[in-house]
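*Asks:* sequence plus predicted model, see below.
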Amino acid sequence: MNLLILALTPVLVIILYIYYKDKYEKEPKILLFYNFLLGAFVSIIITTIISLFYNYNLVLDQYSVMQQFIRAFLVVGLTEEFSKYVIVRYFAQPNKAFNEPFDGIIYAVMVSMGFAATENIFYIFEGGIQSGILRAFTAIPAHASFAILMGYFMGKAKFSKHRIKYNIMGLLLAACFHGTYDFFLFIDFIPGIWAGAFISLFVGIWLSRKAIKKHQDKSYFK
């Protein structure tokens, strides 16, 4: 039970933070919950299916920088962000409650936190309390920042003539930051290179705060 609480607490903190940031027109709680559940189950299933395909067709050398680049950006980054993107694009974005640009951020975060909750449970039950504490300050905020960057552009897309362009920009930006974060962790055979993951995380959080502020300032309900 303690491990489960440890796994879910940082997820809940981020959800409450983003919900609070939606200042002018709150989303229906039941719809947010549905997006969370879809992230927790459907996105995980999509990721698992695509990962099985990659694992069957790709054999990557863990000590090859180039092959770990492919793993970080394609096998993990793009796959996981695509699995979240699908839910936001085809479940949240068409909904009539998605009625201002900020909603792209809140729905993307809900889906991403559902994904992160399931992933975190597996990692913590395997790695224990130390893993849970570390992930609370690294992996979970990272997932949130990827989601905010994706959601920023998907929020713009809903109300733009260039919907496809902005949706794809959101997906690729999230995948790029996700891939960068993981890449520096995957090539840990290079001493000190892990610091690059923290730099990318800090940049992602900084950009996320700016994205939140921009959509708050442009709220249709302000």
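*Replies:* Looks like it came in fine. Note that the structure is a prediction, hence the values are computed from the model and not measured.
*Asks:* for this protein, which residues score under the pLDDT cut-off?
*Replies:* Within the chain, the segments meeting pLDDT under 70 span 1.
*Asks:* which neighbouring elements make contact with the longest helix anywhere in the chain?
*Replies:* Longest helix in the chain by number of residues, with DSSP state H as the criterion: helix 102-127. Counting by 3 or more C-beta pairs under 8 Å, 6 or more residues apart in numbering; DSSP states H and E, the packing neighbours recorded for helix 102-127 are helix 2-21, helix 29-38, helix 44-57, helix 79-87, helix 129-136, helix 139-158, helix 195-217. In short, each C-beta sits where N, CA and C put it, glycine included.
*Asks:* buried stuff in it?
*Replies:* For helix 102-127, burial by neighbour count (16 or more other C-beta atoms under 10 Å) applies to 102-121, 123-124.
*Asks:* quick one: that helix to helix 44-57, angle?
*Replies:* Going by axes from the mean of the first three to the mean of the last three C-alpha atoms, to 10 degrees, helix 102-127 is angled at 60 degrees with respect to helix 44-57.
*Asks:* from the middle of its chain, how far away would stretch 160-168 be?
*Replies:* 19 Å (C-alpha atoms, centre = their mean, to the nearest Å).
*Asks:* ah, wrong one, I meant stretch 104-123
*Replies:* Here the centre of stretch 104-123 is set off from its chain's centre by 7 Å, with C-alpha atoms, centre = their mean.
*Asks:* can you tell me the number of residues neighbouring the nearest residue to residue 138 once chain neighbours are set aside?
*Replies:* Of all residues beyond its chain neighbours, the one nearest residue 138 is residue 201 (6.7 Å), with distances taken as C-beta to C-beta, 6 or more residues apart in numbering. Close neighbours of residue 201, defined as other C-beta atoms under 10 Å, add up to 20.
*Asks:* please begin residue numbering at 17 from this point
*Replies:* Understood, numbering begins at 17; the last thing we discussed is residue 217.
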